[in-house]
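Chemist: need a 3D model of the following:
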Amino acid sequence: MEIIRRCFTLFILVIILQVGEGKLSQAFYNSTCPNVESIVRKVVEEKFSQTFVTVPATATLRLFFHDCFVEGCDASIMIASPNGDAEKDAPDNLSLAGDGFDTVIKAKKAVEAKCPKVVSCADILAIASRDVIVL
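Modeler: Reported below is the predicted structural model:
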């Protein structure tokens, strides 16, 4: 009887894990903001044309690293606070180049102009990071 109960518990656990599995999709914004990738790419290209070639790339990638590899990709690195207790104001993040922030902020403004309140800042940071590698 104990074996049956353990097998049943294992079976239920496997089903729960399968149902809760998240999947990435390249077509995630196709219906809500179909041009998000081209909008972000255009902003990244403009930033590259305005500055020395490697500066926006390294700044954006470092920004992505500091945001995503510490506590997950939530774009909390973009938030500043007047009293200096936000993630952006942490001692390890004070040396982040302004070009990375500028690229993401401009991309967010451009995306918001076309698709207000649809695309997260974390997704824009991820797309911009991908684009600086490709360019």
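Chemist: switch to C-alpha atoms for all contacts and neighbour counts from now on
Modeler: Will do.
Chemist: contact partners of stretch 41-56?
Modeler: Stretch 41-56 is contacted from outside by Asp99, Gly100, Thr103, Lys106, Ala107, Ala110, Ala128, Asp131, Val132, Leu135, using C-alpha atoms under 8 Å, 6 or more residues apart in numbering.
Chemist: likewise for stretch 111-119?
Modeler: So stretch 111-119 is contacted by Tyr29, Thr32, Cys33, Val36, Ile39, Val40 (C-alpha under 8 Å, 6+ apart).
Chemist: same check on stretch 62-70?
Modeler: Residues contacting stretch 62-70 (C-alpha under 8 Å, 6+ apart): Cys73, Asp74, Ala75, Ser76, Ile77, Asn93, Leu96, Gly100, Phe101, Leu125, Ala126, Ser129.
Chemist: before we move on, back to that, show the buried residues in the contacts of stretch 111-119.
Modeler: Cys33, Val36, Ile39, Val40 (16 or more other C-alpha atoms under 10 Å).
Chemist: please tell me the pLDDT value assigned to the third one.
Modeler: In this case it means Ile39. Note for Ile39: predicted pLDDT of 96.
Chemist: hmm, it is touching Ala107, no?
Modeler: Yes: applying C-alpha atoms under 8 Å as the test, Ile39 and Ala107 come out as touching, 7.2 Å apart.
Chemist: show me the common contact partners of the two, please.
Modeler: With C-alpha under 8 Å, 6+ apart as the test, Ile39 and Ala107 reach no residue in common.
Chemist: how about the secondary structure of Val104?
Modeler: helix (DSSP: H, G, I helix; E, B strand; the rest coil).
Chemist: isn't it right next to Leu125, touching?
Modeler: Yes: counting by C-alpha under 8 Å, Val104 touches Leu125, with 5.9 Å between them.
Chemist: what touches both of those two?
Modeler: Shared contacts of Val104 and Leu125, defined by C-alpha under 8 Å, 6+ apart, are found at Thr60.
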